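> next come a sequence and a model predicted from it.
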Amino acid sequence: MNTREGLAPAVRSILGAAEGRGGGDEPLDVTPRSLPAALEAAEADGRAPIIAEVKPTSPTADGERTDDPVELATAMVEGGAAALSVLTEPEHFGGSPETLEAVRTAVDVPVLRKDFLLREAQLDVVGADLVLLIARFVDDLEGLLEAAHQRGFQVLVETHTPAELEAALDAGADIVGVNNRDLANLDVDVGTFERVVDSVPATARENVTLIAESGVESCDDVARMRAAGADGVLVGSAIMDGDVRANTERLTSGSTE
Ligand SMILES: O=C(O)c1ccccc1NCC(=O)[C@H](O)[C@H](O)COP(=O)(O)O
């Protein structure tokens, strides 16, 4: 573990649970749907490149959404989402590997497995088009990134600081997220993406797909992330809260109504 110092109790609890979770029996071999291609296709089609997240609950959410995750996911795709993110973390986010499997079967867009993966065997629990590795929490980022790539996964390496972004690029990440949510205290500041991306020379980010994560609520927020260099914008709460299809449509179409 990189460091747990100063982490919010909820995040310490998430990591404790992640350490105790097992893995798969043998290495998976996945054939992924391309995230960069899906983001580009959305743009070419006049849609903002949104990765919509099926997040039944979270430590910062009020209550839990109990409707069928496959119906939610399908509504997100009908609303124009370029890709989906599906929580598989069970204890704090109400997700499961089975949910991801069912969603991935039902849709034809790339699906990210959103979880707190710490060890190689945990990659082998369920197939997905991408897996998330959080730079702050993974001890051997380069090793786990390579292990995921060997299985065919695309990898979204999540960062929050300039140092983490540089470490992700040094480790060979080609899809990098900047989380506007600080996992130390769960505060959200949508200026984080701009500051972190600005701190790294443009040449270092060439050929890297950049994803802005968390705290995006409005079309103005989406436009702001895109102007700062985001190739895709990952949105959870603002889509999960209310009519999922209408919320996705609003953000992908850029409508301000
Ligand atoms: O969302 C949380 O409450 C949370 C708490 C502790 C660790 C991680 C958490 N979220 C992870 C995420 O990255 C978000 O689910 C994702 O970026 C979407 O964020 P949002 O659009 O703000 O729901």
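It's in. Predicted model, so just to flag it, every value in this text is computed and none were measured. Residues are numbered from 1 along each chain as shown.
> and the gap between the one residue in the stretch 101-250 of the chain that gets nearest to the ligand and Glu213?
The stretch 101-250 of the chain approaches the ligand most closely through Gly236 (2.8 Å), counting by Cβ to the nearest ligand atom. For every residue, glycine as well, the C-beta is placed using N, CA and C. The spacing between Gly236 and Glu213, counted by Cβ to Cβ, to the nearest Å, is 9 Å.
> more neighbours: which of those two?
The neighbour comparison of Gly236 against Glu213 (other Cβ atoms under 10 Å) goes to Glu213, with 28 against 24.
> ok, back up a step: residues contacting the residue of the stretch 101-250 of the chain closest to the ligand?
Applying Cβ atoms under 8 Å, 6 or more residues apart in numbering, we find Gly236 in contact with 52-53, 55, 58, 85, 214.
> these two touch, right, Gly152 and Val30?
Yes: taking Cβ atoms under 8 Å as the definition, Gly152 is a contact partner of Val30 at 4.1 Å.
> so for these two, which residue has more residues nearby?
Per other Cβ under 10 Å, whichever of Gly152 and Val30 has more neighbours is Val30, with 17 against 14.
> contacts for the top helix by length along the chain, please.
Longest helix in the chain by number of residues, with DSSP state H as the criterion: helix 9-20. Residues outside helix 9-20 that contact it (Cβ under 8 Å, 6+ apart) are 1, 4, 7, 59-60, 89, 91-92, 115-118, 122, 137, 183-184, 186.
> got it, and stretch 69-78?
52, 54, 56, 65, 84, 86, 99, 102-103, 106-109, 239-240, 244-245, 248.
> list only those of those residues flagged as buried.
Buried members of the contacts of stretch 69-78, scored by 16 or more other Cβ atoms under 10 Å, are 52, 54, 56, 84, 86, 99, 102-103, 107, 109, 239-240, 244-245, 248.
> most neighbours out of the contacts of Gly236, which is it?
Ala52 (31 neighbours).
> mind checking pLDDT for Ser255?
pLDDT for Ser255: 58.
> how about Thr159, what does it touch?
Contacts of Thr159 by Cβ under 8 Å, 6+ apart are 135-136, 165, 167-168, 176-179, 196.
> which ones are touching Leu165?
Residues counted as contacts of Leu165 (Cβ under 8 Å, 6+ apart) are 159, 176, 178, 196-197, 199-200.
> meant to ask about Gly6
Taking Cβ under 8 Å, 6+ apart as the contact definition, Gly6 lies against 184-185.
> check what pLDDT it gets.
Looking at Gly6, the pLDDT reads 85.
> can you check Asp62 too?
Confidence at Asp62, expressed as pLDDT, is 88.
> helix, strand, or coil at it?
Following DSSP: H, G, I helix; E, B strand; the rest coil, Asp62 is assigned to coil.
> from the ligand, how far off is it?
Distance of Asp62 to the ligand, computed by Cβ to the nearest ligand atom, to the nearest Å: 11 Å.
> count of residues packed around that residue?
8.
> likewise for Glu89?
Count around Glu89 with other Cβ under 10 Å applied: 20.
> let me see the contact set for it.
Glu89 touches 14, 17-18, 95, 114-116, counting by Cβ under 8 Å, 6+ apart.
> and what of Ala128?
Ala128 touches 30, 32, 86, 100, 104, 111-113, 153, counting by Cβ under 8 Å, 6+ apart.
> go back to these and keep what's next to the ligand.
Here nothing survives when the contacts of Ala128 are matched to the ligand using Cβ under 6 Å from any ligand atom.
> in helices, which of those appear?
Of the contacts of Ala128, the ones assigned to helices by DSSP H are 100, 104.
> can you pick the most crowded of the contacts of Ala128?
Val86 (30 neighbours).
> could you list which of the contacts of stretch 69-78 belong to helices?
99, 102-103, 106, 239-240, 244-245, 248.
> could you dump those into JSON lines with pLDDT added?
Output for the ones in helices among the contacts of stretch 69-78, formatted as JSON lines (pLDDT from 0 to 100):
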{"residue": "Thr99", "pLDDT": "98"}
{"residue": "Ala102", "pLDDT": "98"}
{"residue": "Val103", "pLDDT": "98"}
{"residue": "Ala106", "pLDDT": "98"}
{"residue": "Ile239", "pLDDT": "98"}
{"residue": "Met240", "pLDDT": "97"}
{"residue": "Val244", "pLDDT": "98"}
{"residue": "Arg245", "pLDDT": "98"}
{"residue": "Thr248", "pLDDT": "98"}
